[in-house]
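>>> everything below, folded, please.
(2 chains)
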Protein chains: 2
Amino acid sequence: MIVLGIDPGSRITGYGLINEVSGRLSLIDAGTIRTTTDAEMDVRLGQIFFRLVEIISQHRPADSAIENVFQARNPSSALKLGQARGVAIAACAQGRVPVFSYEPTMIKKSIVGVGRAEKSQVAFMVARLLGVSKPDWAVDASDALAVAICHVNQQRFLRLADGSRNHG
Amino acid sequence: MIVLGIDPGSRITGYGLINEVSGRLSLIDAGTIRTTTDAEMDVRLGQIFFRLVEIISQHRPADSAIENVFQARNPSSALKLGQARGVAIAACAQGRVPVFSYEPTMIKKSIVGVGRAEKSQVAFMVARLLGVSKPDWAVDASDALAVAICHVNQQRFLRLADGSRNHG
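Residues are numbered from 1 along each chain as shown, chains lettered A, B, ... in the order given. Purely as a prediction, here's the structure:
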């Protein structure tokens, strides 16, 4: 199962594609979409949209996963973040990829084991879980990979829970 | 010139299509997109996205206009509004329709003549400017028509300013 993780932002959007086969995770691609800083907001949002549509059409993920954000410093940054999140979700809708949202604490817990982990701990574990000894990706790409791994873990858990219900 | 005005919202998104020929405005269509209230947010955003893509593909507007929002009651509502705005902008990007943003005061000034007009005054003038004696559209559709008219006025103003520069 190929999963696309997205860490949306109006300046930098991170993305990460992973593959899970029989419980084994592997990295497909990870990177960032950097928007033209002096362009109008709608142009920048268009850049995120088209690049994500391209990535989805290239890799055809089964699911996409995105961090659920409830908090923001102020209404202005919440609006910007919401817009970036909106175009990311629209790109998934366009590619007919279901979107799953996860709380930040849930992602950290899924990767590190505790909900209050440091960013560096999450990054370390993301690389380790994907078997990459020298990760060369940006922090936003790492965050995108983290939510993708969280989704795979969650799906695996649901399958196991479903299996034990059926056979237990 | 056909212009699509959009008033985005996660629950209700208003849209309005107007046509301007030689300074005369006419109504093409106006309505609202109501999302399924008990559906997940990404499904609701997908509904807005697909309906707007449909409207754009049906009417092929030259431009789209959307209210610029800087203020929101709190970060949570700003995030929701931002997401709806993001999918609206993504639908325009998908249909290759340029997006123009206008401040609320600018829209009111363009329609009523003053930046601090009441919503009812804006609605009254929108219907009047479009030559509709008994408007049957919802308030969100009226707001969408208002920003579309504001854009037409602004473009007309820019053409006149450009003309007077060239010939003056």
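>>> the longest helix seen in chain A - contacts with which helices or strands?
The helix spanning the most residues in chain A, taking DSSP state H as the definition, is helix A:139-167. Counting contacts by 3 or more CB pairs under 8 Å, 6 or more residues apart in numbering or on different chains; DSSP states H and E, helix A:139-167 is packed against strand A:2-7, strand A:12-21, strand A:24-34, strand A:63-67, strand A:99-102, helix A:104-112, helix A:119-129. Where C-beta positions appear, they are placed from N, C-alpha and C, glycine not excepted.
>>> now the first one: mean pLDDT?
With pLDDT averaged residue by residue, strand A:2-7 scores 98.
>>> without its sequence neighbours, what residue ends up closest to A:Lys119?
Nearest non-adjacent residue to A:Lys119, counting by CB to CB, 6 or more residues apart in numbering or on different chains: A:Val139, 7.1 Å away.
>>> in chain A, where is pLDDT below threshold?
For chain A, the stretches with pLDDT under 70 are A:70, A:165-168.
>>> near chain B, which residues of it show up?
A:40-42, A:45-46, A:49-50, A:69-94, A:98-99, A:101 (CB under 8 Å from any CB of the partner chain).
>>> 7 Å - rerun?
A:42, A:45-46, A:49-50, A:69-72, A:74-76, A:78-87, A:89-91, A:93-94, A:99 (CB under 7 Å from any CB of the partner chain).
>>> next, the buried residues of stretch A:22-38.
Neighbour counts over stretch A:22-38 (16 or more other CB atoms under 10 Å in any protein chain shown) mark A:Leu25, A:Leu27, A:Ile28, A:Ala30, A:Gly31, A:Thr32, A:Ile33, A:Arg34, A:Thr35 as buried.
>>> not counting sequence-adjacent ones, nearest residue to A:Ser26?
Nearest non-adjacent residue to A:Ser26, counting by CB to CB, 6+ apart: A:Asn19, 5.0 Å away.
>>> still on that earlier bit, looking at the helices and strands packed on helix A:139-167, which is buried most?
For the helices and strands packed on helix A:139-167, the largest average neighbour count (mean count of other CB atoms under 10 Å in any protein chain shown) is found in strand A:2-7, namely a mean of 27.
>>> list the strands paired with that one, with their directions.
Strand A:2-7 sits in its sheet next to strand A:12-21 (antiparallel), strand A:63-67 (parallel), going by DSSP bridges.
>>> still on that earlier bit, for the helices and strands packed on helix A:139-167, which one sits closest to A:Ser57?
strand A:2-7 (11.4 Å; CB to CB).
>>> how far off centre is that closest one?
Computed by CA atoms, centre = their mean, to the nearest Å, the separation of strand A:2-7 from the middle of its chain amounts to 4 Å.
>>> then stretch A:148-163?
Counting by CA atoms, centre = their mean, stretch A:148-163 is centred 16 Å from the centre of its parent chain.
>>> tell me the buried residues in that stretch?
For stretch A:148-163, burial by neighbour count (16+ other CB under 10 Å) applies to A:Ala148, A:Ile149, A:Cys150, A:His151, A:Val152, A:Asn153, A:Gln154, A:Gln155.
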